[in-house]
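Engineer: The sequence isn't on hand, but the structure is:
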């Protein structure tokens with residue numbers, strides 16, 4: 001009888017190794033208004049935890065991710081985890097009025113899903129109206145422990161999020177566009193990790209990535225733009241892609 005139990009336990013360990021290693025990743029997302037100045041103009045934007053772009057979600061393949069979102073603004077909100085395979089967790093996918101009701105002002109919702117068979121770089125963003133102009137961020141999925149990258153391990157990694165910036169209130173602009181039937185206004189600037197470039201009379205720290213000759217850098221590049229096609233290139237660089 002004891003030998004039978006031992007064989008059964010051994011069989012369970014071999015069949016469910018991922019269950020023995022996976023972790024639960026907990027995140028607290030607060031939807032809040034944040035005053036931000038760019039291009040010599042200040043406005044209030046909707047953010048997660050006061051950050052633009054929002055917090056990066058780090059996990060490993062097979063991990064369970066729990067994000068508790070609380071809405072502190074006047075808009076309805078949902079979050080879509082762009083590219084995550086929602087296996088039996090469609091209610092956590094995020095498209096408003098499709099897989100879930102919007103999270104109303106003052107309400108909370110727990111997103112709960114597992115990263116099954118995925119690794120790499122994905123995007124999360126708001127999925128209602130144009131709130132995703134400022135509500136977005138990165139999802140970084142590392143391989144399971146003990147599993148190497150499918151390429152030589154880089155010396156450093158860096159997330160680069162490309163986006164757009166409007167001086168006007170984006171929600172007001174979208175409402176005007178809907179009523180008029182005209183295309184939305186082109187953004188006033190593009191941003192890299194939330195920073196615009198400098199323009200005459202309006203200084204900006206911009207975004208700078210310092211590198212060292214001979215070292216390898218893994219760039220996790222995300223296009224969070226809504227209205228423009230963006231192209232990314234590194235001048236005079238040697239790189240491997242895909």
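Structural biologist: In hand now; what should we look at? Everything quoted here is computed from the prediction, not taken from an experiment. Residues are numbered from 1 along each chain as shown.
Engineer: Lowest mean pLDDT among the helices and strands, pick that one out for this structure.
Structural biologist: When the helices and strands of the chain are scored by mean pLDDT, DSSP states H and E, helix 2-15 comes last with a mean of 42.
Engineer: avg pLDDT for the helix or strand residue 176 falls within?
Structural biologist: Assigned by DSSP states H and E, residue 176 belongs to helix 170-180. The average pLDDT for helix 170-180 rounds to 90.
Engineer: pLDDT of the following helix or strand past it, averaged?
Structural biologist: Proceeding N to C from helix 170-180, the next assigned helix or strand is strand 189-192, under DSSP H and E. Strand 189-192 shows a mean pLDDT of 95.
Engineer: List the buried residues of stretch 42-62.
Structural biologist: Neighbour counts over stretch 42-62 (16 or more other CB atoms under 10 Å) mark 43, 45-48, 52-57, 59-62 as buried. Heads up, the C-betas are built off the backbone N, CA and C, glycines and all.
Engineer: Identify those among these that sit within strands.
Structural biologist: Under the assignment DSSP state E, these contribute 43, 45-48, 57, 59-60 to strands.
Engineer: which helices and strands does the strand ranked longest in the chain pack with?
Structural biologist: Across the chain, the longest stretch assigned as strand under DSSP E is strand 24-38. With contacts defined as 3 or more CB pairs under 8 Å, 6 or more residues apart in numbering; DSSP states H and E, the packing partners of strand 24-38 are strand 41-48, strand 57-60, strand 64-71.
Engineer: So what touches the first one?
Structural biologist: Put plainly, it is strand 41-48. Identification of contacts with strand 41-48 by CB atoms under 8 Å, 6 or more residues apart in numbering yields 29-36, 52, 54-55, 73, 75, 77, 126, 131, 134-135, 137, 167-169.
Engineer: Show me which of these are buried.
Structural biologist: 29, 31-32, 36, 52, 54-55, 73, 75, 77, 126, 131, 134-135, 137.
Engineer: Among those residues, which lie within helices?
Structural biologist: The members of the buried ones among the contacts of strand 41-48 all map outside helices under DSSP state H.
Engineer: Out of the residues you listed, which comes closest to residue 192?
Structural biologist: Comparing these against residue 192 with CB to CB places residue 52 closest, at 12.2 Å.
Engineer: The closest one is in contact with residue 34, isn't it?
Structural biologist: Yes - here residue 52 reaches residue 34: they are 7.0 Å apart, a contact under CB atoms under 8 Å.
Engineer: For the protein, give me the ranges with low pLDDT.
Structural biologist: Residue ranges of the chain with pLDDT under 70: 1-21, 237-242.
Engineer: and with 50 instead?
Structural biologist: 2, 4-20 (pLDDT under 50).
Engineer: In the sheet, which strands lie alongside the longest strand of the chain, parallel or antiparallel?
Structural biologist: According to DSSP bridges, strand 24-38 forms sheet pairs with strand 41-48 (antiparallel), strand 64-71 (parallel).
Engineer: Looking at those strands, which is nearest to residue 223?
Structural biologist: Nearest of these (CB to CB): strand 41-48, 18.6 Å.
Engineer: End to end on stretch 31-51, go ahead and measure it.
Structural biologist: By CA to CA, to the nearest Å, the extent of stretch 31-51 from end to end equals 10 Å.
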